[in-house]
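Colleague: pasting the sequence and the predicted coordinates here, then a few questions.
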Amino acid sequence: MIALFAAMTAAGSIVKVPLAPVPITLQSFSVLLAGVILGPVEGSISQVVYVITGLLGLPVFSGGGGISYIMKPSFGFLLGFMCAPYAVGLYLEKTAYTKARIFIACLIGTSVIYLLGMPYLAFYLQYILMKPDAITFSIKAGMLIFLPGDILKCVIIPMVALPIRSMVEGNSIWKK
């Protein structure tokens, strides 16, 4: 399941709308779903596997792969990908899985992605590209443009996650 979610995140990078400096992709859907389905630890491990795979050179990121990806403006969002499933899973760990709680968990996970991605993007814009309005630009280009789609993902994930969790919990092949 860990490998499956790492692969799903990689597949989500294929569908993209190229925007500068960060493209719109379907990756965060898999990231958040990993936290819901796998829980905090395994969900985060799936994204660590994904990021390491990309840093080792496989072209799984939206812009390719390799260690030089650390110097891309979107790398902070990849750091967020590794932490978001933990936040999602931790929120859900001690509560009933309802659509409303999964929605809230996904909003929390999305916030974690922004909390790590936005400062990295602003730093990159300010100190690498020398943009004087780096913070304002990073808010617009790194968050505001993504909010409608990210909220939509948070609405869709509960509808997808509950049936998947039922299948996973009812099938002994998936049990820990």
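Modeller: Yep, that arrived. Numbering: from 1, shown residues only.
Colleague: alpha carbons only for contacts and neighbour counts from here, please
Modeller: Fine.
Colleague: which non-adjacent residue is nearest residue 119?
Modeller: Leaving aside its sequence neighbours, residue 119 sits nearest to residue 76 (Cα to Cα, 6 or more residues apart in numbering; 7.6 Å).
Colleague: OK, contacts around the one you found?
Modeller: Neighbour list for residue 76: 116, 117, 118, 119, 120, 121 [criterion: Cα atoms under 8 Å, 6 or more residues apart in numbering].
Colleague: so the third one, which state does it fall into?
Modeller: Of the three states, residue 118 takes helix according to DSSP: H, G, I helix; E, B strand; the rest coil.
Colleague: one step back: any chance of the contacts of residue 76 in TSV, plus neighbour count?
Modeller: Below are these laid out as TSV (neighbours: other Cα atoms under 10 Å):
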residue	neighbour count
116	19
117	24
118	24
119	18
120	21
121	27
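Colleague: need the max-distance pair from those residues.
Modeller: Largest separation among these by Cα to Cα: 116 and 121, giving 8.9 Å.
Colleague: show me where this protein dips below the pLDDT cut-off.
Modeller: Across the chain, residues meeting the criterion (pLDDT under 70) sit at 171-176.
Colleague: where does residue 102 land in three-state SS?
Modeller: helix.
Colleague: quick one: it from residue 54, how far?
Modeller: 28 Å (Cα to Cα, to the nearest Å).
Colleague: and for residue 154?
Modeller: In terms of Cα to Cα, residue 154 sits 25 Å off from residue 54.
Colleague: one step back: which one of the contacts of residue 76 is nearest to residue 25?
Modeller: Using Cα to Cα, the contacts of residue 76 come closest to residue 25 at residue 117, 14.4 Å.
Colleague: let me see the contact set for that closest one.
Modeller: So residue 117 contacts 74, 75, 76, 77, 78, 79, 80, 142 (Cα under 8 Å, 6+ apart).
Colleague: ok so, going back, between residue 102 and residue 54, which one's more packed in?
Modeller: For residue 102 versus residue 54, neighbours defined as other Cα atoms under 10 Å are more numerous around residue 102 (29 against 20).
Colleague: contacts only, for the nearest residue to that one once chain neighbours are set aside.
Modeller: Spatial nearest neighbour of residue 102, chain neighbours left out: residue 158 (5.6 Å); criterion: Cα to Cα, 6+ apart. Going by Cα under 8 Å, 6+ apart, residue 158 touches 98, 99, 100, 102, 103.
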